[in-house]
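K.L.:
predicted model follows, preceded by the sequence.
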Amino acid sequence: MSFVPDTMILNQSPSLGDRFASLRTKLIAAAQRRKKYNQVFNELSALSNRDLADIGIARRNIPDIARQSAV
């Protein structure tokens, strides 16, 4: 009869399936953030300079605003 210490079981690394599931979750989250970024970027870019000025946004700030909205 062999003896396997409990610490060996607790220190095992995640299985390959778990790592793939984690990667899939991260990729889905990244795709959702990218979709949100593109949506905000495109909507703000479509506004005229006057409309942007009315809401207090400079055209050069659009990428930063889109990035912040996608967090």
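P.N.:
Okay, I see it. Residues are numbered from 1 along each chain as shown.

K.L.:
what's downstream of the host helix or strand of residue 17, the next helix or strand?
P.N.:
Per DSSP states H and E: residue 17 is located in helix 16-45. Next along the chain after helix 16-45, taking DSSP H and E as the criterion, comes helix 49-54.

K.L.:
ok, residues contacting that following helix?
P.N.:
Residues from elsewhere that reach helix 49-54 (CB atoms under 8 Å, 6 or more residues apart in numbering): 44, 58, 59. Glycine gets a C-beta too; all of them are placed from N, C-alpha and C.

K.L.:
do stretch 15-27 as well
P.N.:
The set of residues external to stretch 15-27 that reach it, using CB under 8 Å, 6+ apart, is residue 14.

K.L.:
quick check, pLDDT for the residue nearest the centre of the chain.
P.N.:
Nearest to the geometric centre of the chain sits residue 30, at 3.6 Å (CA atoms, centre = their mean). With respect to pLDDT, residue 30 scores 97.

K.L.:
what residues sit buried inside the helix holding residue 17?
P.N.:
37, 40, 41, 44 (16 or more other CB atoms under 10 Å).

K.L.:
need the residues you listed in CSV (columns: distance to residue 16).
P.N.:
CSV is the format used below for these (distance: CB to CB, whole Å):
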residue, distance to residue 16
37, 31
40, 37
41, 37
44, 42
